[in-house]
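Novice: Give me coordinates for this.
(one chain, ligands or ions: 1)
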Amino acid sequence: MTRPALSAAWRRAGAAAAALCAGLALAGASARPADDTPDAKAAEHIVAIEGMRFVPATLTARRGDRVTWINRDLVPHTATALSRTFDSGAIAAGASWTYTVGEAGSIAYTCLFHPAMQGTLVAQ
Ligand SMILES: [Cu+2]
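Specialist: Model prediction:
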């Protein structure tokens, strides 16, 4: 009975958090001085690996950003670009792996152990 209300509340909280993040990202971009080093502008992104899925399945990032895959499952996974632009190798349960976005493009990736797992990194 309380469940639909709860999950609606969570959805609202999630939307609010996303809006806040977008707002902060915009504010951060405009507030930074033009002579900032590239590193200072780099953003951090998280892709959770849970329930045999990449979450979010599609992530947009800019060159120089860092994307970290965190394996929250109980089995190892990989994040491997079909083009081999990146390949995490095995990420043990509870471990993580970070890729610094190096080239622009839409990069489809999978888990070598579970090919049904699919994700896309959209690098701008
Ligand atoms: Cu896997």
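
Novice: can you count the residues close to the residue nearest to A57 when sequence neighbours are not counted?
Specialist: Leaving out its chain neighbours, the residue that sits closest to A57 by CB to CB, 6 or more residues apart in numbering is G119, at 5.2 Å. Every residue, glycine included, has its C-beta placed from N, CA and C. G119: 22 surrounding residues under other CB atoms under 10 Å.

Novice: which ones are touching G119?
Specialist: Counting by CB atoms under 8 Å, 6 or more residues apart in numbering, G119 makes contact with V47, F54, A57, T58, L59, A79, A108, Y109, T110.

Novice: now it, which residues is it bridged with?
Specialist: Y109 (DSSP bridges).

Novice: Do you know the pLDDT at it?
Specialist: pLDDT for G119: 98.

Novice: distance of it from A43?
Specialist: The gap separating G119 from A43 is 18 Å, by CB to CB, to the nearest Å.

Novice: where does the protein come near the ion, residue by residue?
Specialist: Proximity of the chain to the ion (CB under 5 Å from the ion) is limited to residues H77, C111, F113, H114.

Novice: For the last one, grab phi and psi.
Specialist: Spelled out, it's H114. H114 adopts backbone torsions of phi -140, psi 80, taken as degrees, to the nearest 10.

Novice: In this structure it contacts H77, no?
Specialist: Yes - contact criterion CB atoms under 8 Å: H114 and H77 qualify, at 6.8 Å.
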